[in-house]
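Peer 1: Need coordinates for the following:
(one chain, ligands or ions: 1)
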Amino acid sequence: MTDTFKAILVSRDAEKKQSVDVVDLTEADLMEGDVTVAVEATTVNYKDGLAITGKAPVVRRWPLVPGIDFAGTVISSSHADWRKGDKVILNGWGVGETHYGAYAGRARVKGDWLVPLPEGMSAHDAMAVGTAGYTAMLSVMALERHGIVPDRGPVVVTGAAGGVGSVAISLLSSLGYHVIASTGRNAESPYLIDLGAAEVISREELSQPAKPLAKERWAGGVDSVGSHTLANVLSMTSYGGAIAACGLAGGMDLPGSVAPFILRGVSLLGIDSVMAPKDVRLEAWRRIGTDLDLKKLSTLSRTIGFDGLVAAARDIVDGKIRGRVVVDM
Ligand code: NDP
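Peer 2: Model (predicted):
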């Protein structure tokens, strides 16, 4: 008998109208790859929300199983690095965009895309971190490479109550930074302080059109919002500081000026998690294993079942999700 497993499939009709269905697949339906993985946990990232709602052109192959990240156990492998039983994580590489993704009981991918699950971390923990958290770690590493250490001054985190924001606050505060969290949800202040924010400011302060330069407020930051927010964050960064730009939850534009760069020597650090090279991923996951407080990880995440996945994907695009959502498969 051929084993079937549940999957979410997004399809388009002749009029390009998108539909989302729960279907039964077999391994024969999966795309090419040299490692097949039993997916144990996945998650809902902002990009997954865009894929499922069709709000932005994330899906570039039809039909497609969405889901940009998973953790699970290797079932079969012809790749030299992986054997049956190995615990692995996948983030990005076009999975859930052009290659069948995480929202299925099984996934077949290239072995080169996988990284080992860090020691002491479960598949569930890894997906509480997920691509959002791994991106937060990449952002922190970029700030460190630029010399933005806790002694340099406060750091700002925008989109604070979201996935990237919540993990960034946890990491930065554990590393000793004074974290200023910017949120549009003032009711989440106690949650943000619990994660380690020293100050909480309103999203409104950063969402108006930016002046070329404003009062210096922070030495660095992690921005997951873009648009006016990023322009304001840059205009308020102190001399020689740096901002890691990783998101566009508020918009893809950057309506600012070059003044912070040419008058204050501020740097804008671009963060991409999807095509990040393997050595960088391995270092990011190693650092997550050592620097992220697992107690904070449970504060910032909640677990849903496969049945709740589509609704959570719609909620994340509406800015209604706090922290991270883990999907137990
Ligand atoms: P979430 O939806 O969990 O978080 C985004 C947060 O941004 C929201 O919680 C909200 O925070 C804030 N926000 C939402 N809408 C607006 C708005 N219109 N104006 C200002 N703030 C807003 O998403 P993720 O944390 O998973 O992802 C955040 C961003 O990072 C996304 O754009 C995503 O695509 C990007 N990303 C990029 C990656 C990369 O490789 N570069 C990888 C992973 C994510 P609050 O309510 O606290 O204000």
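
Peer 1: mind checking the SS state of the spatially closest residue to residue 286 that is not a sequence neighbour?
Peer 2: Leaving aside its sequence neighbours, residue 286 sits nearest to residue 118 (CB to CB, 6 or more residues apart in numbering; 6.5 Å). Using the backbone N, CA and C atoms, a C-beta is placed for each residue, glycine as well. Using DSSP: H, G, I helix; E, B strand; the rest coil, the structure places residue 118 in coil.

Peer 1: So residue 118 sits against residue 292, correct?
Peer 2: No. Residue 118 is not in contact with residue 292 according to CB atoms under 8 Å; the separation is 9.9 Å.

Peer 1: Going by how many neighbours each has, rank these two and give me the top one.
Peer 2: residue 292 (23 against 19; other CB atoms under 10 Å).

Peer 1: Next one: that one from residue 16, what distance?
Peer 2: Using CB to CB, to the nearest Å, residue 292 is found at 41 Å from residue 16.

Peer 1: Next, please give the residue ranges for the helices of the stretch 101-250 of the chain.
Peer 2: For the stretch 101-250 of the chain, the helices defined by DSSP state H, counting those that start in this stretch occupy 123-145, 163-174, 189-195, 227-235.

Peer 1: deepest of those helices, which one?
Peer 2: Greatest average neighbour count among the helices of the stretch 101-250 of the chain goes to helix 163-174 (a mean of 29), per mean count of other CB atoms under 10 Å.

Peer 1: distance of the closest residue to residue 215 other than its chain neighbours from residue 186?
Peer 2: If the residues on either side of it in the chain are set aside, residue 215 comes closest to residue 236, at 6.5 Å by CB to CB, 6+ apart. Separation of residue 236 from residue 186 (CB to CB): 20 Å.

Peer 1: Pick out whichever of those two has more residues nearby.
Peer 2: residue 236 (23 against 13).

Peer 1: how about the residues of this protein near the ligand?
Peer 2: Within the chain, the positions near the ligand by CB under 6 Å from any ligand atom are 45-47, 131-132, 135, 159-165, 183-185, 203, 224-225, 229, 246-250, 271-274, 316, 319, 321.

Peer 1: Out of the helices of the stretch 101-250 of the chain, which is closest to residue 279?
Peer 2: Closest approach to residue 279 among the helices of the stretch 101-250 of the chain (CB to CB): helix 123-145, 11.8 Å.

Peer 1: any idea how far residue 224 is from whichever residue of the stretch 201-329 of the chain sits closest to the ligand?
Peer 2: For the stretch 201-329 of the chain and the ligand, the shortest gap (CB to the nearest ligand atom) falls at residue 247, measuring 2.5 Å. Distance, residue 247 to residue 224, by CB to CB: 3 Å.

Peer 1: Between the two, which is the more surrounded one?
Peer 2: More crowded of residue 247 and residue 224, by other CB under 10 Å: residue 224, with 28 against 25.

Peer 1: So the more buried one sits against residue 244, correct?
Peer 2: No. Look at residue 224 against residue 244 with CB under 8 Å: they stay out of range, at 9.5 Å.

Peer 1: Which neighbours do residue 247 and residue 224 have in common?
Peer 2: 159, 164 (CB atoms under 8 Å, 6 or more residues apart in numbering).

Peer 1: Just the buried ones among the residues of the chain next to the ligand, please.
Peer 2: 45-47, 131-132, 135, 159-165, 183-185, 203, 224-225, 229, 246-250, 271, 273, 316, 319, 321 (16 or more other CB atoms under 10 Å).

Peer 1: any idea which helix or strand of the protein has the worst average confidence?
Peer 2: Using mean pLDDT, DSSP states H and E, helix 294-300 stands out as the lowest-scoring helix or strand of the chain, at a mean of 91.

Peer 1: CA atoms only for that helix - export them in CSV, please.
Peer 2: Extracted C-alpha coordinates of helix 294-300, given in CSV (Å, rounded to 0.1, in the frame of the first residue of the first chain):
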residue,chain,number,x,y,z
LEU,A,294,14.5,28.4,25.9
LYS,A,295,12.2,29.9,28.6
LYS,A,296,11.7,33.0,26.5
LEU,A,297,11.2,30.8,23.5
SER,A,298,8.1,29.3,25.2
THR,A,299,6.9,32.7,26.2
LEU,A,300,7.0,34.0,22.6
